[in-house]
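Participant: the sequence isn't on hand, but the structure is:
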């Protein structure tokens, strides 16, 4: 009889323990669900962050390439400017030479005409 009471008490204890464990499992499951729901946006944010970091890296690489290209173009422009100044100087000197030769030709023509008028 004592055995039956003892067994019945053990069964009741086990059932109560089982109910507590079921309740705890249910609470833990709810906590896991809440954590998963909370981590979802965090996971999305982390993924977006990774994507943005990759884009930034690509943009930095492209920016470095563009800056190198700009340096090359600036060097070309400086070279072209130097060539332009040299060409302008040559044109100025050439114009002066042409003006001088034109004046000499005019003087020679006038001198020739004067000699021809004296001969005639």
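Facilitator: Perfect, thanks for sending it. Since the model is a prediction, treat every value here as computed from it, not as a measurement.
Participant: in the chain, which spans are strands?
Facilitator: Using DSSP state E, no strands are found in the chain.
Participant: what residue lies at the spatial centre of it?
Facilitator: residue 59 (2.5 Å; C-alpha atoms, centre = their mean).
Participant: where's that one relative to residue 45, distance?
Facilitator: Distance of residue 59 to residue 45, given as C-beta to C-beta, to the nearest Å: 20 Å. C-betas here are computed from N, CA, C, even on glycine.
Participant: for residue 68, same thing?
Facilitator: Distance of residue 68 to residue 45, computed by C-beta to C-beta: 35 Å.
Participant: and residue 87, by the same measure?
Facilitator: The value you get for residue 87 to residue 45, if C-beta to C-beta is used, is 60 Å.
Participant: one more: residue 67?
Facilitator: According to C-beta to C-beta, residue 67 and residue 45 sit 32 Å apart.
Participant: again with residue 17
Facilitator: 42 Å.
Participant: how about residue 98?
Facilitator: From residue 98 across to residue 45, the span is 75 Å (C-beta to C-beta).
Participant: now residue 9
Facilitator: 54 Å.
Participant: same question for residue 107.
Facilitator: For residue 107, the distance to residue 45 - C-beta to C-beta - is 89 Å.
Participant: and residue 70, by the same measure?
Facilitator: With C-beta to C-beta as the criterion, residue 70 and residue 45 are 36 Å apart.
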